[in-house]
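Trainee: Return atomic coordinates for the entry below.
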Amino acid sequence: MRHRKQKTTFGRRTKQRKALLNNLSVNLITYNRIETTLNKAKEVSKIADKLVTFGKKNTVHSRRQAYKILGKRNLVKKLFDEISPNYKDRNGGYTRVIKTRIRKGDSVSLAILEFVEKEKLTEKTKKEKKDIKSAELTKKKSVKKDNKSKKELDKVKK
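Mentor: Okay, here's the model as predicted:
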């Protein structure tokens, strides 16, 4: 009997539905944040929580289970090395769903799905951005100095 075992089918067959949810979870791991419909976000959050739990276990079997869903080794590596260690003290609820707006074309509620502690995830990228900005500033300063020295040379020549 199927008592209390309802699934959201999204009007798709089983393989299509699994492919849809797996692709959304791949995008969530890749970009740490996605915007999709509310129902899809709720379903993908279940899968994402399972993936983070696999990452916390960090065994060969859990890596294989994660690979079965993600299908890419670099994403499994990112999940196990970068995302899951942030949640070692947390017992669940690794994602949040935030309702954003209603899509005008078909009046579907849209939502943002993201990891809860994304600040830790983006610290590395922020540091990289700061390094890039500081490098650009030093280049600009050196260019300004070069321009000033050229102007001084022009004055001396005249």
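Trainee: measure the most centrally placed residue in the chain to V44 for me?
Mentor: The residue lying closest to the centre of the chain (C-alpha atoms, centre = their mean) is N32, at 1.3 Å. According to C-beta to C-beta, to the nearest Å, N32 and V44 sit 13 Å apart. Placement of C-beta: from N, CA and C, glycine included.
Trainee: Could you chop the chain up by domain?
Mentor: Residue ranges for the domains of the chain, per automatic domain parsing: 1-116, 118-158.
Trainee: tell me the most buried of those?
Mentor: When the domains of the chain are scored by mean count of other C-beta atoms under 10 Å, the highest mean neighbour count falls to domain 1-116 (a mean of 15).
Trainee: ok so, going back, so the residue nearest to the centre of the chain sits against L113, correct?
Mentor: No. Taking C-beta atoms under 8 Å as the definition, N32 is not a contact partner of L113, at 9.9 Å.
Trainee: who are the neighbours in contact with K68?
Mentor: For K68, no contacting residues are found, by C-beta atoms under 8 Å, 6 or more residues apart in numbering.
Trainee: That one and I47, how far apart?
Mentor: Distance from K68 to I47, by C-beta to C-beta: 11 Å.
Trainee: same check, this time on Y67
Mentor: Separation of Y67 from I47 (C-beta to C-beta) stands at 14 Å.
Trainee: any idea how far the strand or helix carrying E43 is from the chain center?
Mentor: Using DSSP states H and E, E43 maps to helix 38-57. Relative to the centre of its chain, helix 38-57 is centred 13 Å away, using C-alpha atoms, centre = their mean, to the nearest Å.
Trainee: and the next element down the chain from it?
Mentor: Using DSSP H and E, the helix or strand that follows helix 38-57 in sequence is helix 60-70.
Trainee: Let's have the domains of the chain in TSV, adding mean pLDDT.
Mentor: As requested, the domains of the chain are arranged in TSV below (pLDDT from 0 to 100):
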stretch	mean pLDDT
domain 1-116	95
domain 118-158	66
